[in-house]
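Chemist: curious how this folds, go ahead:
(one chain, ligands or ions: 1)
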Amino acid sequence: MNYRLFFSATQRNRDCIGDVLSRIIKKKGSVLEIGSGSGEHGVFFQKRFPGIIWQTSDPELVHRKSISSWIEYEGLTKKMPPPLEIDVVKIPWKIPLILAQSLQGIVSINMIHVADWSCTVALFRESGKLLSKGQFLILYGPFKICNKHTSESNYFFDNSLKMQNDLWGIKNLEEVSDESKKNGFSQEDIIGMPANNFSIIYRKVS
Ligand SMILES: C[S@@+](CC[C@H](N)C(=O)[O-])C[C@H]1O[C@@H](n2cnc3c(N)ncnc32)[C@H](O)[C@@H]1O
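Modeler: Predicted coordinates for the structure are as follows:
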């Protein structure tokens, strides 16, 4: 069955996110993606970084079905494992031992602003437990800087998110990075991306 979903933003942002990842990702090992959505990023990055294993995940069944369909459609079933059911707040995350042992980092794209603050807290807490010194956690999406929106369009986007769920919304980068510090990460880089987004690279330092 074909359950593939199409998230239009993935077509626009996958190349530039891939360019950021290419600076960080090592040739071998696994990368765990949290909140993989349709799975379009997952298959794209798996093809761009063929030496690694890209492990997708999502709490929503409809998304996990889409991810599996994309993996099959792209002929990647022998390379990519099926998506994991991970809801960041349900801890500990249930991940296979082989993934835990080969993990080089964790990536989450456009997730924390469509979730409440407890998801950011849980993302760092659990990532901090899974990752070792030198490994990375990369977030991509819109952020407020010093509690201010970086564009008018982000201000309107934030309002539209809060109308869907008043606990959702664009997070303030300083508070996100404070959470990272509590869990042994340092903020290594902030990279401005197209359409008023950022890639934030966190590195486990302790
Ligand atoms: C805006 S979509 C982004 C999907 C994909 N990363 C992309 O960029 O196209 C947000 C994703 O975060 C997932 N998500 C929401 N709450 C989550 C949670 N508590 N734990 C893990 N993922 C979550 C949703 O199911 C959805 O797939």
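
Chemist: from here on, contacts and neighbour counts on C-alpha atoms
Modeler: Fine.

Chemist: got the residues of this protein near the ligand?
Modeler: 7, 10, 34-37, 58-60, 86-89, 109-111, 114-115, 119 (C-alpha under 6 Å from any ligand atom).

Chemist: so how many other residues sit close to residue 118?
Modeler: Neighbours of residue 118 under the rule other C-alpha atoms under 10 Å: 12.

Chemist: quick one: it and residue 126, what's the gap?
Modeler: Counting by C-alpha to C-alpha, to the nearest Å, the gap from residue 118 to residue 126 is 12 Å.

Chemist: in helices, which of the residues of the chain next to the ligand appear?
Modeler: 10, 119 (DSSP state H).

Chemist: any of the residues of the chain next to the ligand buried? List them.
Modeler: Buried subset of the residues of the chain next to the ligand (neighbour count, 16 or more other C-alpha atoms under 10 Å): 10, 34-37, 58-59, 86-88, 109-111, 114-115, 119.

Chemist: let me know the closest of those to residue 47.
Modeler: residue 10 (14.8 Å; C-alpha to C-alpha).

Chemist: list the contacts of that closest one.
Modeler: Residue 10 makes contacts with 40, 41, as judged by C-alpha atoms under 8 Å, 6 or more residues apart in numbering.

Chemist: find the residue at the geometric middle of the chain.
Modeler: residue 108 (0.8 Å; C-alpha atoms, centre = their mean).

Chemist: my guess is it contacts residue 140. True?
Modeler: Yes - Residue 108 lies in contact with residue 140 (C-alpha atoms under 8 Å); the separation is 6.5 Å.
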